[in-house]
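A.B. asks: Sequence and predicted structure are below.
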Amino acid sequence: MTTSTMDVELAVPEAYWTRTRKTGAVMVVLGLLATIVFGALAGSENARFALGENISGAGFDIPGTFGAIFFGLVALAAGVAMLVTGRYFGVLTGVALAGFIISALCWQMSVSPVSHTMPLGFIAAATFTAAIPLIFGSLGGVLCERSGVVNVAIEGQLLTGAFFGALFGTLTGSFWLGLVAAAVGGALLSAILAVFAIKYLVDQVVVGIVLNVFAGGLTAFFYEQVMRPDTDAYNFPGKVPSWPIPGLVDIPILGPALFNGNIFSYGSLIAVAVVTIALFRTRWGLRTRAVGEHPAAADTVGIRVLGLRYANVLIAGLVAGFGGAYFSMLSTTGFSKYMVSGAGFIALAAMIFGRWHPVGAFFASLFFGFFGALTGFLTSISSPIPSQFLSMLPYVATIFAVAGLVGRVRAPAADGKPYVKG
Amino acid sequence: MSAHSPSDGGTSRPPPLTEPSGGARDQRRSELRLELRGITKRFGDLVANDDIHLTVEPGEIHALLGENGAGKSTLMNVLYGLLQPDEGEILVDGAPVRIKGPGDAIKVGIGMVHQHFMLVPVFSVAENIMLGAEPARGGFIDHAKAVKLVRDVSQRYGLPLDPDAIIEDLPIGIQQRVEIVKALTRDVDLLILDEPTAVLTPQETDELLDVMRGLKAAGKSIVFITHKLREVKAVADRITVIRRGRTVGTADPTAPESELAELMVGRAVVLEVPKDEAVPGEPVLEVAGLVVADDREHRAVDGVDLVVRAGEVLGIAGVQGNGQTELVESIMGLRPSRAGTVHLSGQPITTWHTRQVLRAGVGYVPEDRSVDGLVKEFSVAENLVLDLYDLPPFGGRFALDLDAIEAQAEQKIAEFDVRTQSAHQPVGALSGGNQQKVIVAREMSTPLKLLIASQPTRGVDVGSIEFIHSRIVAERDRGAAVLVVSSELDEVVALADRVAVMYRGRVLAIVSPDTPRETLGLLMAGIDPSSTSPTTGTPASGEQDTQGEGMSEHGEAAS
């Protein structure tokens, strides 16, 4: 009996139109679009990329028309390379996308009536800031789904967290107690998901959607009835303390993003590390993954499948609820209706794009966060593109990433399947 | 429950993953006497176990014999704590114990190897083995220690394993070995093996029987659940027979097979399928150079050539997962082929849709009736017209003719002896055998050129097996070409006029069903005994040759 696998030796001759070639074709189209259209529209001014957080200081210049055409050609070349070789999917997709985006920036910046300069440090910081709630949300998704419970309720968990954080942060007068309340709020909503999904075996996607609507309606109601009439008493949580790390902050581009942080930004990095180590190095993590892949196998070695699922769904709620406080305590002060506005769904996409891995979800969140930051920047330089289209950018990127780039991913095998003994 | 034992060196005995807990465990170190008294388990109206008594002495291999659906697995799930009995008690070493879950079972020294392996496919061997009892330091898994434990135990019992291999890459036989080692690392003294040979080649089965003897020599007791008489006779010390949820007696392994079979089924059993010599006619199904990919884009069918003639049964033998499923699905148009051709009565059908293939006179009994064969919530009558509902007399342009469907159902229920309360009962409420009869009845309700039956009697009682086999032979005698795929070698040999053995997506040889079992077993393991050196697949020309031999052997047998 041999232990070699059947797969190693027998690969099927693939059809010509593989995922790489299809993506390559799309990139060729994008490259042509950039080269011709962006090149034609770009102005003669230089597009300036500054390294720091503001538009003065060191940087480099790219002539507008030249940059738009050159980087369009880069995207085109990468697309052609994908078509011809049918290989190097990751690298070439990255090059093509980067080329396309830089080409578009050269065009936009060279014709901007306001500013021809992009401060890269500011963009990096904005990317990370926009990614923070996505990181917490997608971690909540990973924790939940790795144990086999589908978490479509991330949006609701974020929103509940935002509401609880603002309300209790104001009532107690303590920013920190507000954060605790936010986490508890997310967990409360998660508890409903857990009971319906695990105990009553209700379809988990349906429960998740219902919970999103429920959380939206309930928080909006209390916002109108309680918070709005007396904002100072109920909706004025304290300011987030900022903790810059001296020295490291001054690193070009990435310094301001990573080292001029607060509880949310540092917390998100720590959370990614903790969840990764916990999932893949600890007893709890092994059992969680076993329960999400093959609950019967876990049951037959004496693991309490349902107990572990309850615990994971609740922890997911804590994490997402904590992240939700970002909205009402960092990005703005105070809660407002439906303020999460789809970030929970992008977090869900980040979890899938990140292949149910905490580190993958982290980078996927940054990817989506970058498009959020880009939207902000283009608006700030009075881009001729209508703002409605610009604000679609993160969502378009999401659709493109999940439908096109993510390829075939394998969810935990028992994800969404209730476990019934016997 | 998962504190690990710190005592590591010194003893030859591998350290248990779990600290023995409770005094009872310390007293019996490697001796365990198990007694089940009056176990009764009901599911609604159904009594799955009815006052069952069973005693397993230390160090014996005790066979639990019974047909599919007799209640063997229910009983063992009760013993392993997966189900709670409604009545009765379990005694370990004379003391009653309450087993509320598998954790309790392991604690009192009972381990189980399930029929469907309880292994996480994406985990490594070591991760699966340690799961639930992970050696850890402050919550962090001590991987090196787990690997060492796997090595120790597998060496001690002669069950070699690579601790870092991923389960889904391993052959079934090795996966089963992982399951056994998993139980042994938990220091159990009684091992339940639930239908362990169902997925194995004859050679792997022999290996397993040797492993069982080795475990017995090491003082372990084994409960061996099976319906295969040959294996019981080969290895068991005592036999308890269960029929319809009741213990109907104990038997000695020296008893003749016919006697055991009669005890198991409750009446005399015909162990062979009565059939006359085949009269092969024109080729009906011709498969040439077929290549099919599985779901993971691997070459599941790797250049298969087959011919099935009118009036003959071609049986495909082979361990499950060697491309049989993909071959059949590709012929039926359920799975695209990547190369090669399929002809039906000379007409190319390679790219046809499933409906076209069915309407061309092909009957198809899929291998998994609950997934592909039936809509469980639909009634028997509706399931009987699942692929005919749009044809007269059952359906017109706008509406179904419910009377015609009902009449058809009544007729088929009578003809195929389907035991159901009425034609309106949901098919999911029937027993496995009767569900299968519904499928067979449906597929035989139009005149067939070709019948393809995949695992036609899996999980079916003996009475239904006899019935389905006789109907398949009747189709052959009527002049249809029949392709039977089964992982049960006995079934293939009993039904087929020629036997094709598949291994790793290829047809290794086409031989007569009278070929010695050892030869067939070697072929199923990928070894062609007719060639001088072991091979992992013969070239296409070789296949042609063996196919010719098969035909000539068959001709000799006829004369």
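C.D. replies: That came through fine.
A.B. asks: quick one, domains of chain A?
C.D. replies: Split into domains by automatic domain parsing, chain A comes to A:5-111, A:121-402.
A.B. asks: Which residue ranges of the stretch 201-350 of chain B form helices?
C.D. replies: In the stretch 201-350 of chain B, the segments counted as helices under DSSP state H, counting those that start in this stretch are B:202-217, B:229-235, B:257-265, B:324-331.
A.B. asks: Show me what the longest one is packed against.
C.D. replies: By that I understand helix B:202-217. When contacts are defined as 3 or more Cβ pairs under 8 Å, 6 or more residues apart in numbering or on different chains; DSSP states H and E, helix B:202-217 sits against strand B:61-65, helix B:172-185, strand B:221-226, helix B:229-235, helix B:517-524. Where C-beta positions appear, they are placed from N, C-alpha and C, glycine not excepted.
A.B. asks: cool, and the third one?
C.D. replies: Other elements packing on helix B:257-265 under the criterion 3+ Cβ pairs under 8 Å, 6+ apart are strand B:61-65, helix B:229-235, strand B:238-243, strand B:246-251, helix B:462-478.
A.B. asks: tell me the most buried of these?
C.D. replies: Mean neighbour count (mean count of other Cβ atoms under 10 Å in any protein chain shown) peaks for strand B:61-65 among the helices and strands packed on helix B:257-265, with a mean of 26.
A.B. asks: Which neighbours in the sheet does that one have, and how are they oriented?
C.D. replies: strand B:221-226 (parallel), strand B:238-243 (parallel) (DSSP bridges).
A.B. asks: Would you verify that residue B:154 is located in a helix?
C.D. replies: Yes. Secondary structure of residue B:154 (DSSP: H, G, I helix; E, B strand; the rest coil): part of a helix.
A.B. asks: Give me the residue at the spatial middle of chain A.
C.D. replies: With distances taken as Cα atoms, centre = their mean, the residue of chain A nearest its centroid is residue A:365 (2.5 Å).
A.B. asks: Okay, now the unreliable bits of the chain?
C.D. replies: Let's take chain A. Within chain A, the segments meeting pLDDT under 70 span A:1-15, A:404-408, A:422.
A.B. asks: try again with chain B
C.D. replies: Low-confidence segments of chain B (pLDDT under 70): B:1-30, B:269-271, B:531-559.
A.B. asks: circling back to that earlier point, could you dump the strands paired with strand B:61-65 into JSON lines with distance to residue B:57 added?
C.D. replies: Below are the strands paired with strand B:61-65 laid out as JSON lines (distance: least, Cβ to Cβ, whole Å):
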{"stretch": "strand B:221-226", "distance to residue B:57": "7"}
{"stretch": "strand B:238-243", "distance to residue B:57": "8"}
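A.B. asks: Out of those strands, which is closest to residue B:319?
C.D. replies: Closest approach to residue B:319 among these (Cβ to Cβ): strand B:221-226, 17.3 Å.
A.B. asks: Could you tell me how far that closest one lies from the centre of the chain?
C.D. replies: Put simply, strand B:221-226 sits 17 Å off its chain's centre (Cα atoms, centre = their mean, to the nearest Å).
A.B. asks: touching chain A at all, the helix or strand hosting residue B:53?
C.D. replies: Residue B:53 is located in strand B:46-56, with elements delineated by DSSP states H and E. No. Using Cβ under 8 Å from any Cβ of the partner chain, we find that strand B:46-56 stays clear of chain A, coming within 10.9 Å at best.
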